[in-house]
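In: Output the structure for:
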Amino acid sequence: QIQLAESGGGLVQVGDSLRLSCAVSGRTFSTYDMGWFRQAPGKEREFVARISWSGAVTSYADSVKGRFTISRDNAKKTEYLQMNSLKPEDTAVYYCALRLMGNRRYDYWGQGTQVTVSS
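Out: Residues are numbered from 1 along each chain as shown. Predicted coordinates:
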């Protein structure tokens with residue numbers, strides 16, 4: 001059974017930085033893409049960033065482009081989200097997700113980690 005566990009959330013001030021981590025446990029029998037999503041209170045969950053298995057291909061939501069950086073370390077089975085220049089509108093629960101190769105939708109999700117940006 002594949003499980004994802006996020007860490008690194010917290011309460012920060014406007015302009016601060018945070019790095020989220022997502023550890024993958026369990027056996028994966030294929031390569032996989034990974035992504036980050038977030039859900040703010042009263043809003044739907046939205047895409048933040050994704051990264052391919054090799055790390056060569058990344059994409060970002062316009063709202064975070066230039067401020068957030070997604071990366072991964074396959075040897076450690078961990079992905080990261082470096083968040084800089086945080087804004088109050090970045091406040092949300094952040095979820096990591098894993099998509100097995102060939103699938104259209106994300107197959108596994110973490111429990112989420114809270115990020116709160118205070119002004």
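In: can you pull the contacts of the residue nearest the centre of the chain?
Out: Residue closest to the average C-alpha location in the chain (Cα atoms, centre = their mean): residue 36, at 2.7 Å. Residues near residue 36 by Cβ atoms under 8 Å, 6 or more residues apart in numbering: 20, 22, 48-50, 70, 79, 81, 94-97. The way it works is simple: take the backbone N, C-alpha and C, and place the C-beta from them, glycine included.
In: What about those residues, which are in strands?
Out: 20, 22, 48-50, 70, 79, 81, 94-97 (DSSP state E).
In: returning to that earlier point: who's the residue nearest to the centre of the chain bridged to?
Out: Following DSSP bridges, residue 36 is listed with bridge partners residue 49, residue 96.
In: Which residue ranges of the chain form strands?
Out: Assigned strands in the chain, in chain order: 3-7, 10-13, 18-25, 32-39, 46-51, 58-60, 68-73, 78-83, 92-100, 108-109, 113-118 (criterion: DSSP E).
In: Make JSON lines out of the ones you listed and add mean pLDDT.
Out: Listed next are those as JSON lines, based on pLDDT from 0 to 100:
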{"stretch": "strand 3-7", "mean pLDDT": "97"}
{"stretch": "strand 10-13", "mean pLDDT": "98"}
{"stretch": "strand 18-25", "mean pLDDT": "97"}
{"stretch": "strand 32-39", "mean pLDDT": "97"}
{"stretch": "strand 46-51", "mean pLDDT": "98"}
{"stretch": "strand 58-60", "mean pLDDT": "98"}
{"stretch": "strand 68-73", "mean pLDDT": "98"}
{"stretch": "strand 78-83", "mean pLDDT": "98"}
{"stretch": "strand 92-100", "mean pLDDT": "97"}
{"stretch": "strand 108-109", "mean pLDDT": "97"}
{"stretch": "strand 113-118", "mean pLDDT": "98"}
